[in-house]
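Peer 1: With the input below, show me the fold.
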Amino acid sequence: MNHRPPSDDTASRRAAMLKTAFGPVIGAALQDDTVIEIMANPDGALWIERHGLGRVRQDQLIRAADAERIIRLVASHIGFDCDKAHPIVSAELPGTGERFEGVLPPVAIAPAFAIRKASGRVIGLSEYVDAGIMSGADALTLKSATLKKQNILIAGGASSGKTTLANALLAEIAAVDDRILLLEDTRELHCSARDVVALRTSPGVSLETLVRSTMRLRPDRIIVGEVRGPEALDLLKAWNTGHPGGIATVHAKSAASALTRLEQLIGERTTHIPCQLIADAVDLVVFIARGAEGRRVKEIVRVEGLDHDGYRLAKPNPLELIVNNEGAPR
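Peer 2: The predicted model follows:
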């Protein structure tokens with residue numbers, strides 16, 4: 001495997017070639033703020049998923065030669081030698097930063113790729129309620145939790161909408177005068193707060209390193225795009241020692257299994273799993289799933305502690321929201 005960063009002129013030419021290679025259908029989808037994912041399958045089928053509308057197969061097919069050209073152009077942009085020995089390309093699209101994953105034979109029978117787009121705009125909690133993704137009580141609970149600086153863990157499977165929901169919660173936080181640190185592998189989080197520092201991983205700089213560095217950047221709230229390794233331990237320690245009001249996402253199949261997933265990730269660093277730390281640091285777990293009816297918030301549970309049976313979970317009461325004299329949450 002060989003990485004050779006291209007010159008600026010070469011990168012510009014390759015970006016222009018890639019734009020042409022995408023063609024009108026993919027090009028239009030990349031410009032559409034409602035599009036979440038673009039997928040080209042080995043059989044030539046082209047699928048486009050839009051927020052709230054699900055995945056739709058397009059009338060137009062994509063030829064194997066065109067799909068391969070797109071994958072190789074993306075690989076060239078990052079200076080990656082894509083061949084039979086290295087048939088998988090993981091990258092960001094030049095200029096716009098969408099997450100790209102491409103595969104070539106022999107790992108697939110024909111070229112295939114997926115482009116994951118960050119949402120073009122932040123979708124507010126009220127829109128989640130209007131779309132039937134969550135109830136009004138759920139929205140009130142989440143709004144209350146952000147304002148009370150509770151730590152929120154968003155759980156779900158791949159493409160379930162975890163990051164989009166995190167952005168909705170960040171929109172609630174933006175109105176509060178806090179210093180916010182955003183940590184992620186790919187730029188997907190958006191926060192319009194006045195005092196924001198966005199950090200991302202790079203070769204040689206892991207998320208674990210970023211979490212530790214963040215502690216010296218004077219954060220009020222620490223937001224992690226996705227917890228997927230031993231950085232979980234550092235994040236929970238930070239949340240539990242003077243930095244409340246954080247948000248993180250994690251892959252899990254239920255609210256309860258999200259806490260078990262944290263145990264597994266911490267176990268990558270130490271054999272002693274601090275379950276009490278998890279119970280103390282995580283206040284709320286939100287589980288969002290994607291099914292035939294689209295995305296839905298399936299569970300919101302409050303972590304109330306730890307006992308001999310495990311984590312003590314309860315359904316939060318949205319009426320706990322404190323309202324001031326003007327009727328605004330505080």
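Peer 1: contacts and neighbour counts: CA atoms only from here.
Peer 2: Fine.
Peer 1: And the contacts of the lengthiest helix in the chain?
Peer 2: Identified as the longest helix of the chain according to DSSP state H is helix 8-31. Contact with helix 8-31 is made by 35, 38, 48, 60, 66, 69-70, 73-74, 76-77, 94-95, 117, as judged by Cα atoms under 8 Å, 6 or more residues apart in numbering.
Peer 1: can you put the residues you listed in CSV and add secondary structure?
Peer 2: Shown next, in CSV, are these (DSSP: H, G, I helix; E, B strand; the rest coil):
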residue, secondary structure
Val35, strand
Ile38, strand
Ile48, strand
Gln60, coil
Asp66, helix
Arg69, helix
Ile70, helix
Leu73, helix
Val74, helix
Ser76, helix
His77, helix
Pro94, coil
Gly95, coil
Lys117, coil
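Peer 1: hang on, the earlier thing: now the longest helix of the chain, how far from the centre of its chain.
Peer 2: Offset of helix 8-31 from its chain centre (Cα atoms, centre = their mean, to the nearest Å): 24 Å.
Peer 1: before we move on, the earlier item: which of the contacts of helix 8-31 has the weakest pLDDT?
Peer 2: The member of those with the lowest pLDDT is Gly95, and it reads 76.
Peer 1: give me every residue that touches that one.
Peer 2: So Gly95 contacts Ala15 (Cα under 8 Å, 6+ apart).
Peer 1: quick one on the thing from earlier: same question for the longest helix of the chain: list its buried residues.
Peer 2: Ala11, Arg14, Ala15, Leu18, Lys19, Ala21, Phe22, Ile26, Ala29, Leu30 (16 or more other Cα atoms under 10 Å).
Peer 1: now the chain, which segments are flagged as low pLDDT?
Peer 2: Judged by pLDDT under 70, the chain has its weakly predicted residues at 1-11, 14, 52, 119-120, 318-330.
Peer 1: tell me the domain boundaries of it?
Peer 2: According to automatic domain parsing, the chain is divided into the following domains: 8-116, 125-320.
Peer 1: Looking at the buried residues of helix 8-31, point me to the pair that's furthest apart.
Peer 2: Of all pairs drawn from the buried residues of helix 8-31, the greatest distance, 22.4 Å, lies between Ala11 and Ala29 (Cα to Cα).
Peer 1: any idea how far Ile36 is from the most centrally placed residue in the chain?
Peer 2: Centroid-nearest residue in the chain, with Cα atoms, centre = their mean: Thr163, separated by 3.5 Å. In this view, Thr163 and Ile36 are 11 Å apart by Cα to Cα, to the nearest Å.
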